[in-house]
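Novice: 3D, please:
(chains A and B)
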Amino acid sequence: MFAYRFLARGGLGAVNQFMWPLPEGSTPGAWVGPQADTTALGVFAQRLSDLPYWVHDELYRVELRGSVQTLSLGILAGEMRLVERVSGWNESLRLDFGESCIERLRQCAANTHDARGEPLIARCLIECDVRELPQVLAANDMSRHTMGGNLLVQYIIDAVNVLRAGFTASVAHVARVALSESPQLAAKHNEQLAQGQWLQRRLDLPSE
Amino acid sequence: MTTVFREYLTCKELVELVTDYLEDRLSAEQRLKFDQHLNWCPPCRHYLEQIQATIHAAGRLTEHNVPDAAKETLLEAFRHFKSQQR
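Specialist: Numbers count the residues shown, from 1 in each chain, chains lettered A, B, ... in the order given. As a prediction, the model looks like this:
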């Protein structure tokens, strides 16, 4: 069975810095067991739909063997090896992914403000450069107008700031949480699905 | 132990589960959610590193590392604490 796994730079485990045996050319890396994830349970991998939850520096296509268990955010297997690195996932695309999360967030925020009869805030949200958004909102005193009402703008500011700090996984998390907190928004927009579709399209990954 | 039904753990829930995580007593589902939280939350990664460093440092200490004077002070404090509990 094949799946995916995000790792830190250099093929290191994102949490425990385990050094994964890397593939060389068309030769996969060595099989690794539960020691890679420091748990006797097994080793974890990700399906296409799980990828938004695990964004990190490097993405690999992996092969699994042994007992395989499907979980809510991934797969648990007896052993795993790295087959090939997904070369399309790089620093530039990682930044694009973070910005795409913020774009959807601000589109939803703008629609919400427009529906509430606040077209000026909606237009500002749509027209300004996403990287300048915190300053623009502060300069126009718009954060104050949204306090106690639509918290999406606050989430956008958080997302822009964590993207600046380089934490793309945090941006994706903020977007998922922000857009799931309102039942009305969640009914219209599935951010987790949108993130997964973005990754599949930009990385040209086959459907499962 | 906290039972988690949401797709993600909060920082507070992670702190509650950290001992079970380090002792490898989490279920596969909880373990995955714990690791997923660490993936997006740098402050919790830092917290876990601090806990691991503390365990590493404390694990090297034995009773013989405690100077006699400090040992006596500690014993006196424990006796005082016990007498207050009665």
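Novice: which element follows whichever helix or strand A:L105 is part of toward the C-terminus?
Specialist: Element membership for A:L105, per DSSP states H and E: helix A:91-115. Using DSSP H and E, the helix or strand that follows helix A:91-115 in sequence is helix A:119-127.
Novice: quick one: mean pLDDT over the helix holding A:L105.
Specialist: If you average the pLDDT over helix A:91-115, you get 90.
Novice: are it and chain B in contact anywhere?
Specialist: No - in terms of CB under 8 Å from any CB of the partner chain, no part of helix A:91-115 sits within range of chain B; the closest distance is 11.7 Å. Just so you know, the C-beta spots here come from the backbone N, C-alpha and C atoms, and that holds for glycine as well.
Novice: any idea which helix or strand carries the closest residue to A:F2 other than its chain neighbours?
Specialist: Spatially, and ignoring its direct neighbours in sequence, A:F2 is nearest to A:E63 (5.6 Å; CB to CB, 6 or more residues apart in numbering or on different chains). A:E63 is part of strand A:58-70 when elements are defined by DSSP H and E.
Novice: which parts of that strand are buried?
Specialist: By 16 or more other CB atoms under 10 Å in any protein chain shown, the buried positions in strand A:58-70 come out as A:58-64.
Novice: so what sits opposite the residue nearest to A:F2 in the bridge?
Specialist: A:F2, A:R81 (DSSP bridges).
Novice: wait, it sits on A:V83?
Specialist: Yes - here A:E63 reaches A:V83: they are 5.3 Å apart, a contact under CB atoms under 8 Å.
Novice: and the most far-flung residue of chain A relative to its centre, what is it in contact with?
Specialist: Going by CA atoms, centre = their mean, the residue of chain A most distant from its centre is A:G117, 31.9 Å out. With contact set as CB atoms under 8 Å, 6 or more residues apart in numbering or on different chains, A:G117 has no partners.
Novice: distance of it relative to chain B?
Specialist: According to CB to the nearest CB, to the nearest Å, A:G117 and chain B sit 33 Å apart.
Novice: what about the residue of chain B found nearest chain A, how many neighbours?
Specialist: Closest to chain A within chain B is B:W40: 4.1 Å, counting by CB to the nearest CB. Residues within reach of B:W40, counting by other CB atoms under 10 Å in any protein chain shown, total 23.
Novice: also B:R79?
Specialist: 10.
Novice: so what's the gap between the helix or strand that contains it and the chain middle?
Specialist: Element membership for B:R79 (DSSP H and E) is helix B:68-85. Put simply, helix B:68-85 sits 24 Å off its chain's centre (CA atoms, centre = their mean, to the nearest Å).
Novice: contact partners for the nearest residue to B:I55 once chain neighbours are set aside?
Specialist: Once flanking residues are discounted, B:I55 sits nearest to B:L22: 7.1 Å by CB to CB, 6+ apart. Listed by CB under 8 Å, 6+ apart, the contact set of B:L22 reads B:51-52, B:55.
Novice: and the strands in chain A?
Specialist: In chain A, the segments counted as strands under DSSP state E are A:2-7, A:43-45, A:58-70, A:75-85.
Novice: could I get those strands as TSV with distance to A:V171?
Specialist: TSV is the format used below for those (distance: least, CB to CB, whole Å):
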stretch	distance to A:V171
strand A:2-7	15
strand A:43-45	22
strand A:58-70	17
strand A:75-85	23
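Novice: need those strands in CSV with mean pLDDT and distance to A:V174, can you?
Specialist: Shown next, in CSV, are these (pLDDT from 0 to 100; distance: least, CB to CB, whole Å):
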stretch, mean pLDDT, distance to A:V174
strand A:2-7, 97, 18
strand A:43-45, 97, 23
strand A:58-70, 96, 21
strand A:75-85, 97, 25
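Novice: so which of those is nearest B:K71?
Specialist: Proximity to B:K71, assessed across the strands of chain A by CB to CB, is greatest for strand A:43-45 (45.3 Å).
Novice: pull up the per-residue confidence for A:W31.
Specialist: 98.
Novice: helices of chain B, start to end?
Specialist: B:11-22, B:28-40, B:42-58, B:68-85 (DSSP state H).
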